[in-house]
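Q: sequence plus the predicted model coming up.
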Amino acid sequence: MATNAQKMSYPGSNATVGQFIGLADEYCVAAYVLLSQADRASSSSSAPARLCAIHAVEMYLNAFLVFHDVSPSEVRGMQHDLAQRVAMVTQKGLILRTKTQAHLLRIHDLREYLIVRYGPEQMGGLPELNRLYATLREVSVKVRTAILDQGYDPSDSRFRRYW
């Protein structure tokens with residue numbers, strides 16, 4: 001039976017890198033499903049797809065940071081700050097295209113995460129969906145590759161904390 005401390009721990013505090021990637025993958029799938037249902041003539045109809053795509057990107061970056069021994073509480077302390085995440089993942093060795101880094105910083109600067117959640121009147125000023133999905137694809141592939149190419153042996157105890 002779980003103790004009160006375990007019940008009250010902040011969500012994600014004990015998640016593994018594999019669990020972060022799995023959740024990011026689910027948000028990625030949801031983003032594509034929602035995109036297929038969006039009405040291209042209505043900018044606000046893409047809000048759910050955009051939100052899922054941005055959140056998937058954030059979760060992939062979180063997985064990369066936790067893999068590189070950044071504590072879940074430090075990751076959580078960044079809230080939804082993609083600019084800070086980009087700086088940290090770059091420092092930890094993730095190489096993103098210049099255009100992708102610039103787009104992630106623009107998402108942060110435009111406060112796109114907040115607009116798609118609360119600001120339908122501002123949706124028309126957001127960048128093209130194609131750019132967002134290109135960013136999502138690149139981050140997904142590069143984070144997965146950077147983590148999975150580490151070659152941990154499943155019998156190695158270090159591997160267990162990641163998956």
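A: Yes, it's here. Keep in mind that what you see is a predicted model, and the values were worked out from it rather than measured.
Q: I figured residue 49 hits residue 129, correct?
A: Yes - assessed by C-beta atoms under 8 Å, residue 49 is found in contact with residue 129 at 7.3 Å. C-beta here means a position set from N, CA and C on the backbone, and glycine is covered the same way.
Q: can you give me the buried ones in stretch 97-114?
A: 100-101, 103-104, 106-108, 112-113 (16 or more other C-beta atoms under 10 Å).
Q: which one among those residues gets closest to residue 90?
A: Among the buried residues of stretch 97-114, residue 101 lies closest to residue 90 (C-beta to C-beta), at 7.4 Å.
Q: so the closest one, which of the three states?
A: helix (DSSP: H, G, I helix; E, B strand; the rest coil).
Q: cool, the one 3 residues further on as well?
A: Under the three-state scheme (three-state DSSP), residue 104 adopts helix.
Q: how about the contacts made by it?
A: 57, 82-83, 85-86, 96, 135 (C-beta atoms under 8 Å, 6 or more residues apart in numbering).
Q: next, residue 42: phi, psi?
A: Per-residue torsions, residue 42: phi -120, psi 110 (degrees, to the nearest 10).
Q: pLDDT value on it, please?
A: In this model, residue 42 is scored at 76, pLDDT.
Q: more crowded one of residue 49 and residue 129?
A: Between residue 49 and residue 129, counted using other C-beta atoms under 10 Å, the more crowded position is residue 49 (22 against 17).
Q: follow-up on the earlier one: could you identify which of the contacts of residue 104 has the most neighbours?
A: Among the contacts of residue 104, the one with the most neighbours (other C-beta under 10 Å) is residue 57, at 27 neighbours.
Q: that one sits in which helix or strand?
A: Using DSSP states H and E, residue 57 maps to helix 47-67.
Q: report the buried residues of the next helix-or-strand element following that helix.
A: Remark: after helix 47-67, the chain's next helix or strand is helix 72-77, criterion DSSP H and E. Of all the residues in helix 72-77, those buried under the rule 16+ other C-beta under 10 Å are 72, 75.
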